[in-house]
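[1] coords please:
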Amino acid sequence: MKIIAFIMVLWLVSTVFTEAHAFRDQTYEVLGETVHITRLSDRTLSIEIGEHTHHLGGGDVRYYANEATTDGEHFIVFGYVIDPSTPTFYDAFIFIVDDEGDTVYDEVLDFGELEETVALIDVDGTWMFRINKSSSDGHNYVFEAVFFLVFNEDYTDFEKVRVDTFVQRMEIIDGALYLSDTYHGPFHTFVTPQPHVYRAGEVAGLQDGDDGVMTLRMIGEAILDGVVHENHLTIEEAGHYTLVHEGVTHALTLEARVEGIEDGGVYTGEVAIVFSSGTAHLNGERLAYGESVSCVGHHTLIVRGKNGYEKTLNFTIESGVMGVEDGAVYGSPVTIHFAGEGTLNGMPFKSGTRIEASGEHTLTISGTNGYAETVAFEITPSPTPVATTLMIVEIALVAIAVALIGVLVFFALKKKHPRPSS
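    This next block holds a predicted model:
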């Protein structure tokens, strides 16, 4: 093994030396900028992006770019690195720069053997890096696997999946990447954006029936309720279905997605109900898509779909009483607002009515399907506080005293200065 390793080192060093002399400048147009890649005298890989320059490697560490491209927002360069000081010598790299020239991601990726980043694929809005993994027996490269990497939005982390079958051809079909080991033959695997790997005979999307739409992917033909589909199909109508693929039968249910209410929900005021598909009935009456419901009471919504499918949701719209609270005592008249039909102390009562009568009162509001709400309250005029009463008495006494003093002064002045007789 040591001899083989030594031979590999010599071979790789020789390869590096040859490639270094044969290196040709590369120029790409990316996001309106010219990307120029060249090898400097110290063997550094120089990447010029507009006015910004970045350097990778140098000395015995050689970077080789396979392509400069973009995800629509970033400048991306990828390829492989040869570094004789590492155990596997030959690893993949990905280098990403934002539109201001700042480095976003700069990593060498080693998955245990010889790796090389060979492609960046846009799978209907999800960007996948393809990395080929090989091994060497000292004479030839031997295929090991293909990895597909999907990064998060800010390129701080990624998820990867492994495909152990050789990939010669890739094709994007309805949001998934289909793989074949020949130029024109059948597919053996497909990769979804999550990412997840599915092989021949497997069906993707069987558990995705809760969002109002179900997209199923497979390799080859599948029969849904007697209709043949190729590689993929989409179910949009709520219901129960039967799918047959590669001799295996799958029972499927696509749930209707209902918005505006939830099962067991309690609401005040008007609610607008929308549903993804099927027909809907509220309390036995047909309900149109997006129709609003404001009637106070208990309600039952049933959405029906294909092959006997039903989805039932029960909810309540309350009266939304304002102006009084159950058990409260008020010292002044109150005005009550509510929705629904009401009675006060057993007599019909309209929302917005003012109540002045003292005593205990019972407000009862009724609605559909046995809905009833009771609010008991009391109106008790508050007695005048003692302090206030004393203050009123004091003010009255002062007023009387002032008046008396005024009268006395008047008569005193009159006596002192009698009116002349005519």
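
[2] Can you give me the buried ones in stretch 136-143?
    By neighbour count on 16 or more other C-beta atoms under 10 Å, the buried set for stretch 136-143 is residue 136. Heads up, the C-betas are built off the backbone N, CA and C, glycines and all.

[3] again, but for stretch 325-333
    If you call a residue buried by 16+ other C-beta under 10 Å, then stretch 325-333 has these buried ones: residue 330.

[4] can you list the residues that contact it?
    The contact list for stretch 325-333 (C-beta atoms under 8 Å, 6 or more residues apart in numbering) reads 324, 354-356, 374-382.

[5] and the gap between residue 322 and residue 198?
    In this view, residue 322 and residue 198 are 57 Å apart by C-beta to C-beta, to the nearest Å.

[6] what pairs with residue 38 across the strands?
    residue 46 (DSSP bridges).

[7] lowest-confidence helix or strand of the protein?
    Lowest on mean pLDDT, DSSP states H and E among the helices and strands of the chain sits helix 2-22, with a mean of 44.

[8] Show the average pLDDT along stretch 76-93.
    Stretch 76-93 shows a mean pLDDT of 94 in the predicted model.

[9] Which residues are in contact with residue 266?
    315, 316, 318.

[10] Now do the same contact list for the last one.
    When contacts are counted by C-beta under 8 Å, 6+ apart, residue 318 is found next to 266, 267, 268, 296, 373.

[11] how many other residues sit next to the nearest residue to the last one once chain neighbours are set aside?
    Setting aside the residues directly before and after it, residue 373 is nearest to residue 365 in space (C-beta to C-beta, 6 or more residues apart in numbering), at 4.5 Å. The burial metric for residue 365, expressed as a neighbour count using other C-beta atoms under 10 Å, is 24.

[12] Check what pLDDT residue 365 gets.
    Note for residue 365: predicted pLDDT of 96.

[13] I figured it was touching residue 296, is that so?
    Yes. Between residue 365 and residue 296 there is a contact under C-beta atoms under 8 Å: 6.9 Å.

[14] Now do the shared contacts for those two.
    Common contact partners of residue 365 and residue 296 (C-beta under 8 Å, 6+ apart): 319, 339, 340.

[15] Report the spatially closest residue to the last one, excluding sequence-adjacent ones.
    Spelled out, that is residue 340. residue 296 (3.5 Å).

[16] doesn't residue 317 make contact with the one you found?
    Yes. In this structure residue 296 lies within contact range of residue 317 using C-beta under 8 Å: 5.4 Å.

[17] any shared contact partners between these two?
    Residues touching both residue 296 and residue 317 (C-beta under 8 Å, 6+ apart) are 339, 367.

[18] quick one, which of residue 322 and residue 198 is more surrounded?
    residue 198 (18 against 12).

[19] what comes up buried for stretch 344-363?
    344, 349, 351, 355, 361, 363.

[20] Can you give the distance from the strand or helix carrying the fifth one to the centre of its chain?
    Pointing back at residue 361 there. In this structure, residue 361 sits in strand 359-366 according to DSSP states H and E. Mean-position distance between strand 359-366 and its chain equals 46 Å (C-alpha atoms, centre = their mean, to the nearest Å).

[21] can you check stretch 245-258 too?
    Using C-alpha atoms, centre = their mean, the offset of stretch 245-258 from its chain centre is 25 Å.

[22] Apart from its neighbours in sequence, what residue is nearest residue 293?
    Per C-beta to C-beta, 6+ apart, closest to residue 293 is residue 271, 5.5 Å.

[23] should've said residue 58
    Excluding its sequence neighbours, the residue lying closest to residue 58 (C-beta to C-beta, 6+ apart) is residue 44, at 4.0 Å.

[24] Share the number of residues neighbouring that neighbour, please.
    18.

[25] Make 573 the first number, not 1, from now on.
    All set: I'll call the first residue 573, so the last point we hit is now residue 616.
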